[in-house]
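Chemist: Quick one: sequence and predicted model below, then my questions.
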Amino acid sequence: MPQTLEVEWRDAVARVWLARPELRNALDPRLIAELTETFMTLSQDNAVRAIVLGGRGKAFCAGADLNWMRASAQAGEAENRDDALTLATLLQTIATCPKPTIARIHGPCMAGGMGLAAACDIAIGTPAARFALSEVRLGLIPAMISPYVLRAIGARAASRYFLTAEVFDSETARRIGLLHDWCDEDQLDVRIEHLLAQFMQASPDALAQTKTLIREVTGRPLAAELLEDTATRIARQRASADGREGMAAFLEKRRPNWAPSQDE
């Protein structure tokens, strides 16, 4: 049973809550291990069709736990490398999860917390959310989160916010690409429910394959190899069980077998 998380299931959606509110949901080795294991388990659960990641209390995630940082400062390079790889594994596990993931950001989202948000497919915030990449002020660098944050905000915005460590708000986060949208807190779950409803209309297999497509096609040159690869992917999907069911449902003017009925 996780000690740093709470997991709720409702309507094929798993809601994973960082549950260290007294420490603003700061990351430490236990939370990282439990969150990694939870996402691995949910990734393999066919009953789960989407995952929402949020934080209990007033913060989404304040970054690294102070006690963890204190221990890291006393450790050698090899130990710190092993320690850092646990966070890298967590972020990769979230980013490669076959289920659509939404980060629910209602408060401070700092440093490693920004890595969690950027690793999710979609991030929605509120006016109370605040963001910062504060590593350089501690003599550190945002190394493990950089692949995900750079993918979200791009190198140009990273040049400012990685180097200045300044705090920015939800509107800035939306403008630079970290957030997809923001809304008043009383509308946050309404906005998320709308997105979840869209996921439920889509084939779970097609969603998983599309997530892989985004990761593996982004940044590749428009060459013959890419054309062959994408043609192979769509041919395989058309011949899949979900591909055949989706096309049959469309032609027969009915709902596919993965879509909830209008009464649900």
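Modeler: Right, received. Where do you want to start? Numbers count the residues shown, from 1 in each chain.
Chemist: Distance of Ile88 relative to Lys99?
Modeler: Actually, residue 88 is Ala rather than Ile. Distance, Ala88 to Lys99, using C-beta to C-beta, to the nearest Å: 20 Å. Glycine gets a C-beta too; all of them are placed from N, C-alpha and C.
Chemist: neighbour count winner among those two?
Modeler: Lys99 (22 against 15; other C-beta atoms under 10 Å).
Chemist: and that one, what does it touch?
Modeler: Leu42, Ser43, Val48, Arg49, Ala50, Ile51, Pro204, Leu207, Ala208 (C-beta atoms under 8 Å, 6 or more residues apart in numbering).
Chemist: Try it again at 7 Å.
Modeler: Leu42, Ser43, Val48, Arg49, Ala50, Ile51 (C-beta atoms under 7 Å, 6 or more residues apart in numbering).
Chemist: Kindly indicate the member of those residues with the most neighbours.
Modeler: Ala50 (27 neighbours).
Chemist: list the contacts for that residue?
Modeler: With contact taken as C-beta under 7 Å, 6+ apart, Ala50 is in contact with Val13, Lys99, Pro100, Leu196, Phe199.
Chemist: Go through stretch 48-61 and flag the buried ones.
Modeler: Neighbour-count burial for stretch 48-61 flags 48-57, 59-61 (criterion: 16 or more other C-beta atoms under 10 Å).
Chemist: Okay, helices next: where are they in the chain?
Modeler: Along the chain, counting by DSSP state H, helices occupy 29-43, 66-74, 77-95, 112-119, 146-164, 170-176, 185-200, 204-217, 224-238, 241-251.
Chemist: mind listing which of the buried residues of stretch 48-61 are in strands?
Modeler: Ala50, Ile51, Val52, Leu53, Gly54, Gly55 (DSSP state E).
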